[in-house]
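> pasting a predicted model and its sequence here:
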Amino acid sequence: MIKFNHVFKIYEKNIKALEDINFSISKGEFVFLTGPSGAGKTTILNLLYREDIPDMGSVFVNNEDISHISDRKLPFYRRNIGFVFQDFKLLFDRTVFDNIALPLVITKTEKKFIKNKVEEYINKTGLCGKEKLTPWHLSGGEKQKVAIARAFITNPSLILADEPTGNLDDESSWEIIKMFEEVNKEGTTILFATHNKELLQKMNKRVIRLNKGKVISDESI
Ligand SMILES: Nc1ncnc2c1ncn2[C@@H]1O[C@H](COP(=O)(O)OP(=O)(O)OP(=O)(O)O)[C@@H](O)[C@H]1O
Ligand SMILES: [Mg+2]
């Protein structure tokens with residue numbers, strides 16, 4: 001489903017964010033991406049979302065080199081991806097309900113279906129009672145839960161999650177992890193960036209380790 005083929009990403013001042021990255025992920029896999037700050041985790045997720053394109057090499061998703069997707073087709077490509085951004089990217093002038101509903105509103109889904117789905121994810125993420133608040137009135141962890149609910153609500157075939165439990169207490173983290181495991185069992189492919197060593201050990205999944213823009217290991221723990 002995903003293939004990075006000799007991918008390089010070099011920012012100004014010759015900062016090599018990624019250097020000759022090669023890996024493949026099959027449909028339905030659950031893969032962790034780890035490594036210290038600045039290792040290149042977010043850069044990899046951004047390339048997959050076509051937020052950015054490689055300076056050299058190719059990123060393939062479903063056998064398509066995604067650098068070639070036209071601006072017109074980009075929203076359709078992204079429709080199958082749920083992205084939990086490291087900085088959440090919530091709309092601060094909209095309520096929790098509206099933030100979570102957004103991907104379904106964009107695709108002109110029926111209102112009753114949207115209401116039911118949003119309520120389902122409000123319950124699953126433990127945001128009951130916060131529906132009418134704007135993100136200004138939420139804690140860091142609550143904002144993260146809104147970002148997670150918004151990423152899951154379309155039932156995407158690929159979820160890219162950038163440190164999605166970084167702001168959550170232990171109990172909430174495990175509730176959220178259960179959500180990832182459930183959708184993964186149903187066939188959703190997951191690429192999950194985290195620093196959390198305890199999580200990596202407990203989950204016992206494939207881990208791609210990065211350091212200074214290079215893959216230093218790729219194995220199941
Ligand atoms: N837009 C940008 N412009 C210039 N340099 C960038 C940009 N984005 C990332 N970088 C650089 O690329 C490198 C990798 O950054 P990236 O955000 O991918 O790391 P990360 O592994 O996600 O780190 P963290 O764990 O802190 O989130 C860093 O050295 C960073 O300074
Ligand atoms: Mg990052």
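Nice, I can see it. The shown structure was predicted, so the numbers you read here are calculated from the model rather than taken from an experiment. Ligands and ions are numbered 1, 2, ... in the order given.

> next SSE after the host helix or strand of Asn116?
Per DSSP states H and E, Asn116 falls inside helix 111-125. Remark: after helix 111-125, the chain's next helix or strand is helix 140-152, criterion DSSP H and E.

> ok, the very next helix or strand once past that next one near ligand 2 or not?
Going down the chain from helix 140-152, the next helix or strand is strand 158-162, by DSSP H and E. No. Using CB under 5 Å from the ion, we find that strand 158-162 stays clear of ligand 2, coming within 5.8 Å at best. (Each C-beta comes from the backbone N, C-alpha and C, glycine too.)

> check whether strand 158-162 comes near ligand 1.
No. Against ligand 1, strand 158-162 shows no contacts by CB under 6 Å from any ligand atom, the least distance being 7.1 Å.

> show me how far the helix or strand that that strand is followed by is from its chain's centre.
The helix or strand immediately downstream of strand 158-162 is helix 170-185, counting by DSSP H and E. Here the centre of helix 170-185 is set off from its chain's centre by 14 Å, with CA atoms, centre = their mean, to the nearest Å.

> report all helices and strands that helix 170-185 contacts.
Using 3 or more CB pairs under 8 Å, 6 or more residues apart in numbering; DSSP states H and E, the elements in contact with helix 170-185 are strand 30-34, helix 111-125, helix 140-152, strand 158-162, strand 189-193, helix 197-203.

> need those in TSV (columns: mean neighbour count and mean pLDDT).
As requested, the helices and strands packed on helix 170-185 are exported to TSV (neighbours: other CB atoms under 10 Å; pLDDT from 0 to 100):
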stretch	mean neighbour count	mean pLDDT
strand 30-34	21	98
helix 111-125	16	97
helix 140-152	23	96
strand 158-162	23	98
strand 189-193	23	98
helix 197-203	13	93
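
> what's the closest of these to Leu133?
Between Leu133 and the helices and strands packed on helix 170-185, the shortest separation by CB to CB is 8.5 Å, and it involves helix 140-152.

> what sits up against the closest one?
82-85, 88-90, 96, 99-100, 102-103, 118, 121-122, 124-127, 130, 135, 138, 159, 161, 164-169, 172, 176, 179, 183 (CB atoms under 8 Å, 6 or more residues apart in numbering).

> again, but for stretch 59-70
1-5, 7, 47-48, 50, 53-54, 58, 77, 158.

> stretch 90-109 now?
Stretch 90-109 is contacted by residues 79, 113-114, 117-118, 121-122, 127, 130-136, 138, 143, 146-147, 149-150, 153-154 when judged by CB under 8 Å, 6+ apart.

> I appreciate the help and will end here.
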